[in-house]
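Participant: I'll drop the sequence and a predicted model, then ask my questions.
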Amino acid sequence: MTLVLPDPEVLCAALVRELQPHVTADTALVGIHTGGVWLAERLHAALGIVLPLGLLDISFYRDDFDKTGLHPQIKPTQIPFEVDARHIVLVDDVLYTGRTVRGAMNELFDYGRPASISLAVLIDRGGRELPVAARYVGARLDVPRGHMLVLDRDENGKLRLKLDA
Amino acid sequence: MRNPQLNDKGELQHLLTIEGLPRETLIHILDTATSFVGVTAREVKKVPLLRGKSVFNLFFEPSTRTRTTFEIAAKRLSADVINLNIAISSHTKGETLLDTVDNLSAMHADMFVVRHAQSGAPHLIASHVASHLHVINAGDGRHAHPTQGLLDLYTIRHYKKDFTRLSVAIVGDVLHSRVARSLIHALTLMGTPDLRVIGPMTLIPAGVEKLGVTVFHDLERGLRDVDVVVMLRLQSERMRGALLPSAQEFFKYYGLTPEKLALAKPDAIVMHPGPLNRGVEIDSAVADGAQAVILPQVTFGIAVRMAVMSILAGN
């Protein structure tokens, strides 16, 4: 199929502009492994956020564990700040069914009670199965079911979107 | 012959022994455990992975530490845990092992954690139960104690990083030790070049060299320049006949004192599976000293058991 994929570098810059007015001293970014972490690293630096970056691997919170088992490569979750009373921006590369975000919110609540959680994504591809919405969106893109849209990073650190059938 | 621990897809279905497992499986367990160490350090020490699952601790042999760490591991995965101290219940009423297991399976068990004085008992249970059930060997006779071997492996990797340049000495009652056997298999699989067992002639099993270890009967020679010292508990309750003159004499020749530890590398770590016999196999000054990592072993043990349980339950 022919689907023109946007340049993630451009979308990333747009997200920075969108997020900037909402950043305060209590804003914390949490990237979801793996693509979300790459994006969150960029946003964290560009927005000059004071609190250290949080990293989340939601493998222990997935709702398809009974079907698919444990993910073969789990990366440690690191939340290096107090979650209580913080305004947390979850960052992921692609928003699709909303199940990952559900898992991420559950995991965050095991660290404390945030003042708020909002969601920033590079691409919203539709197809939601849960009532989840992103507050900050780089681009909306119609990707048919059965295709995998993921963020990729080359050896120079440049981000690229990849579509797999 | 098919490995009885693996399912049709080659995934880990039961954990009975480290012997014969692929190296990748061991690394996967250790890597997964790293993520669980983070979970056990936070405010809510629980993840929902095994919600709704029932884990039965079947202990046919007394144990406090291992049973407790399995119980904590299962609870931190949100499983329901049922502890059965069978040494003092149905077993004494004459019920067979497999009848006990059938009864518990009828109560919708998902996982059995088994400790038994007879080598091979967990294997018998694993070959008997329905295919959706998982069995973890928590120590069988003199055969194996795979989760202990894995937590020892985890501890060594945590402090020493690279197995391929390590000298490791296992000291004491190797003859009765399933811990030693599991650790030897694990370290060999990870490519440890220098593995030594140290103990009196009567406590070193015949033919142990075939596992790829060097035997020493002199502690001072054996400890020279090692990176890791694993002290074994002197299993006096397993002693049959006169293998040793006395615990005091054992300590004189094989007890780890600060002076003897000084022969190892200056940054050598000291491990012990517990419970400690102070003044028998280890001096208090060593057990409480800066080189001892005996308590971190316990903490890592929970994370390793969480990793094993969640990998099995997902396969």
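Facilitator: All right, it came through fine. Residues are numbered from 1 along each chain as shown, chains lettered A, B, ... in the order given.
Participant: residue ranges with poor pLDDT in the chain?
Facilitator: Since no chain was named, I'll use chain A. Within chain A, the segments meeting pLDDT under 70 span A:1-2.
Participant: ah, no, chain B please
Facilitator: Within chain B, the ranges that satisfy pLDDT under 70 run B:1, B:87-93, B:236-242.
Participant: residues touching the residue nearest to B:M201 when sequence neighbours are not counted, list them.
Facilitator: Among residues not flanking B:M201 along the chain, B:H217 sits closest, at 6.1 Å (C-beta to C-beta, 6 or more residues apart in numbering or on different chains). Every residue, glycine included, has its C-beta placed from N, CA and C. Listed by C-beta atoms under 8 Å, 6 or more residues apart in numbering or on different chains, the contact set of B:H217 reads B:198-201, B:204.
Participant: Run a quick neighbour tally on the residue of the stretch 51-200 of chain B at minimum distance from chain A.
Facilitator: In the stretch 51-200 of chain B, the residue found nearest to chain A is B:L77; the distance is 8.4 Å by C-beta to the nearest C-beta. For B:L77, the neighbour count with other C-beta atoms under 10 Å in any protein chain shown is 25.
Participant: got the buried residues for the longest helix along chain B?
Facilitator: When chain B is parsed with DSSP state H, its longest helix is helix B:294-314. In terms of neighbour count (16 or more other C-beta atoms under 10 Å in any protein chain shown), helix B:294-314 has its buried residues at B:294, B:296-314.
Participant: which of the residues you listed are close to chain A?
Facilitator: For chain A, the contacts drawn from those by C-beta under 8 Å from any C-beta of the partner chain are B:310-311, B:313-314.
Participant: any idea where the helices of chain A begin and end?
Facilitator: With DSSP H as the criterion, chain A has helices at A:8-19, A:35-47, A:65-68, A:99-109.
Participant: Of the ones you listed, which is nearest B:F59?
Facilitator: Among the helices of chain A, helix A:65-68 comes nearest to B:F59, with 27.4 Å by C-beta to C-beta.
Participant: Check the offset of the closest one from the chain's centre.
Facilitator: 22 Å (C-alpha atoms, centre = their mean, to the nearest Å).
Participant: Ok, stretch B:44-57 next?
Facilitator: 21 Å.
Participant: Stretch A:97-107 now?
Facilitator: For stretch A:97-107, the distance to the chain centre is 10 Å (C-alpha atoms, centre = their mean).
Participant: Convert the C-alpha atoms of it to CSV, please.
Facilitator: C-alpha atoms of stretch A:97-107 as CSV (Å, rounded to 0.1, in the frame of the first residue of the first chain):
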residue,chain,number,x,y,z
THR,A,97,-5.8,0.7,20.7
GLY,A,98,-5.1,2.6,23.9
ARG,A,99,-4.2,-0.6,25.8
THR,A,100,-0.5,0.4,26.3
VAL,A,101,-1.6,3.7,27.8
ARG,A,102,-4.0,1.8,30.1
GLY,A,103,-1.1,-0.4,31.3
ALA,A,104,1.2,2.7,31.7
MET,A,105,-1.4,4.5,33.8
ASN,A,106,-1.8,1.5,36.1
GLU,A,107,1.9,1.2,36.5
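Participant: Done for today, thanks.
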